[in-house]
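[1] 3D model of this:
(2 chains)
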Amino acid sequence: MNNKQLADTFSLIADLMQIKGEVIYKILAYRKAADSLVAYPRSVKDLYEEGSKLTDIPGVGKAIGDKIAELLDTGKLEFLEKLQKEVPTSLADMLEIPDLGPKKVKLFWDELNITSIEQLKKAAEEGKLRDLAGMGPKSEAKILDGIESLSRRTGRTPLGVAWPAAQVQLELIRAVKGVKAAEVAGSLRRMKDTVGDIDILVSAVDSAPVMKAFVEQPTVARVLGEGEIKSSVEFQDGSRAQIWVHPPERFGTALQYATGSKDHNVRIRELALKKGLSLSDQALTKEDGTEILASTEEEVYKKLDLEWVAPEMREDRGEVQAAKDKKLPKLLTTKDIRAELHTHSTWSDGKVSIQQMAEEALKRGYKTLAITDHSVSLGIGNGLSVERLHEQRQEIDKVRKKVGDTLLILHGTEMEIRADGNLDFDNETLAWLDIVIASLHVSIRQPREQVTERMLNALQNPHVDIIAHPTNRLIPDREGADLDMDAILQAAAETDTALEINANPRRLDLEDIYARRAIELGIKLVINTDAHRLKHLDFLHYGVATARRAWAEKKHVINTWTPKQIEKWLKGRG
DNA sequence: GCCGTTTTCGGCCCGACTGTTTTCAGTCG
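    Residues are numbered from 1 along each chain as shown, chains lettered A, B, ... in the order given. Take a look at the predicted model:
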């Protein structure tokens, strides 16, 4: 069992216990443990087999630790099996329906013996739900609506979809008369790779015109709620957004609150309480009831003697302690990036010429550009043979002459790691190239050991400088390869091979948690857009955000180097 | 069930909104 499967097991336990009506804090503990396992950068199975203490994992104590051990030893969990006998597992699926929680699920189960979404739908259509206690015609209709929206929804929205959509919302809201400020909040502001919905915080004295503009947009399919302070909508594409309006003098506390994460806010509030302050979205309130208002987030953190924490770091991964000690890292910014080391041209599957890419790189202020077209075995990407690589060198030399010394153009490759583990080019060719990126595109569903072995083989080659998008995942449709990340990271550290954070928002691979661990292990990171078109260079900020979520500073990222530094590193590597 | 820079016991966030009510329960974030 991997971390995700363990986490899913504990999520299921939490769901079933909640329907059963267990005390809420037990349920919260299981949910917390599940979240923690997903975010844990090491394989818990390996940890256990090494004999390390499972209770070192945040949110895992004796009881849950024992359950993890049982799952890893036997693949089963007696506790869960007993629970499933009491509460049918299919009830947990019903919790997915919006506006339907454990109490209602239990009610339908107790009163009408409903145990599946299909049965629930049938009962609602037949008007059997409306007469139950606390139910009525509207609630019944809402449930049918919810079941329908479940089929429309595709789960979490990829960052690359949500972020541009949010910019449209911000533009609309900021144009409303009386609006002092509007910002995204929630997981989108924290730049998580997927987001549940778009959260927007607005600073305005009068909320009515804002709410009106928000719910009356032509792209809104349904208004899910509309109030004075908060409204939420579902768009035609099934995605959702919600908006809060607060007076300017309370905007700081409100934005801090709405940005989360939940766990980060819990830590912050604990700290506030120790100082005799209760923190809410409204204010910091003293014990005597007087309010301290904050119009900016910086004031909120300052009042608590904390450094302001960048939203990308607010995941309760040690940032609150660091903010207390005034030891937060000085995070990387897009302005620090001066090199793009992974681009494609018309020589393979790119849409622009080398010349065009070079001109665009210069325009964007880059000092170094690597042209790294696909290699021969990636047929679908029109990969280059050794012969075509040599022809390409001639064109690169021409472009070099045209652009002069202002831009260092590196001739490289994005070389395929073949299904059998071999590399596409011989060492002689690799040594001749300026820069070598190796990546997996094919046969990524191989068993963990096999696919890991292929990657390790690439890492061991002294000519391979960078591993691109290590797992080859695509958000939201494709899971990445089942790599043994502990082994990969260790090999990258030993061979001084850089690991790429691919900035394409469908990739964001290396993931933040592994990037953080890579930094701790002294591995160099490189952030590349993998541009196939000029516009793809705009992806950079997504990659930088992912690096910031990994606490990356300028010094950890190769793209911040001067051409001289980059050349020196490459030359030292064979 | 987990956690601890005052705690190994006693906390663990809480308010907005909806739909049901006749002052509140359920859900959500």
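[2] Who are the contact partners of the residue of the stretch 351-500 of chain A found nearest DNA strand B?
    Residue of the stretch 351-500 of chain A nearest DNA strand B, by CB to the nearest atom of the strand: A:Pro476 (17.5 Å). All C-beta atoms are positioned from the backbone trio N, CA, C, and that covers glycine. Each residue near A:Pro476 by CB atoms under 8 Å, 6 or more residues apart in numbering is listed here: A:Thr154, A:Gly155, A:Arg156, A:Pro158, A:Thr194.
[3] how many other residues sit next to the residue of the stretch 151-300 of chain A found nearest DNA strand B?
    In the stretch 151-300 of chain A, the residue found nearest to DNA strand B is A:Gly227; the distance is 2.2 Å by CB to the nearest atom of the strand. The number of residues packed near A:Gly227 is 11, by other CB atoms under 10 Å.
[4] OK, contacts around it?
    Counting by CB under 8 Å, 6+ apart, A:Gly227 touches A:Met211.
[5] and what of the one 4 residues further on?
    Contacts for A:Ser231 were tallied using CB under 8 Å, 6+ apart; they are A:Met211, A:Phe214, A:Val215, A:Val223, A:Gly225, A:Gln242, A:Ile243.
[6] same question, A:Asp35
    A:Asp35 sits next to A:Ala7, A:Gly59, A:Asp263 when contact means CB under 8 Å, 6+ apart.
[7] Next step: these restricted to strands.
    The strands in this structure, assigned by DSSP state E, contain none of the contacts of A:Asp35.
[8] Dump those residues into TSV; add neighbour count, pLDDT and distance to DNA strand B as well.
    As requested, the contacts of A:Asp35 are arranged in TSV below (neighbours: other CB atoms under 10 Å; pLDDT from 0 to 100; distance: CB to the nearest atom of the strand, whole Å):
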residue	neighbour count	pLDDT	distance to DNA strand B
A:Ala7	21	94	14
A:Gly59	20	92	5
A:Asp263	19	87	9
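[9] Quick one: residues in contact with stretch A:273-281.
    For stretch A:273-281, using CB under 8 Å, 6+ apart, the contacting residues are A:244, A:246, A:250, A:253-254, A:256-258, A:268-269, A:272, A:284-287, A:292, A:300, A:303-305.
[10] Considering the contacts of A:Asp35, which is situated nearest to A:Asn422?
    For the contacts of A:Asp35, the closest approach to A:Asn422 (CB to CB) belongs to A:Ala7, at 35.5 Å.
[11] State the distance from the closest one to A:Leu47.
    To A:Leu47, A:Ala7 is 14 Å away according to CB to CB, to the nearest Å.
[12] ok, the contacts of A:Pro476 vs A:Ile24, which is closest?
    Using CB to CB, these come closest to A:Ile24 at A:Arg156, 24.6 Å.
[13] What residues does that closest one make contact with?
    A:Thr194, A:Val195, A:Gly196, A:Pro476.
[14] right, and the second one touches A:Ser187 too?
    Yes. Look at A:Val195 against A:Ser187 with CB atoms under 8 Å: they come within range, at 4.6 Å.
[15] okay, and the common contacts of those two?
    In contact with both A:Val195 and A:Ser187: no residue, using CB under 8 Å, 6+ apart.
[16] Redo the contacts of A:Arg156 as a markdown table? Include secondary structure and pLDDT.
    Formatted as a markdown table, the contacts of A:Arg156 follow (DSSP: H, G, I helix; E, B strand; the rest coil; pLDDT from 0 to 100):
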| residue | secondary structure | pLDDT |
| --- | --- | --- |
| A:Thr194 | strand | 92 |
| A:Val195 | strand | 91 |
| A:Gly196 | coil | 87 |
| A:Pro476 | coil | 83 |
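[17] Please, a ChimeraX command that selects the buried ones among those residues?
    Applying 16 or more other CB atoms under 10 Å to those, the buried members can be selected in ChimeraX as follows:
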select /A:194,195
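[18] Reformat the contacts of A:Arg156 as CSV; add distance to A:Gly572.
    As requested, these are arranged in CSV below (distance: CB to CB, whole Å):
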residue, distance to A:Gly572
A:Thr194, 38
A:Val195, 41
A:Gly196, 45
A:Pro476, 40
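[19] Next, A:Asp131: secondary structure please.
    Assigned with DSSP: H, G, I helix; E, B strand; the rest coil, A:Asp131 falls in the coil class.
[20] since we're on it, how many residues are nearby?
    Other residues near A:Asp131 come to 11 when the count uses other CB under 10 Å.
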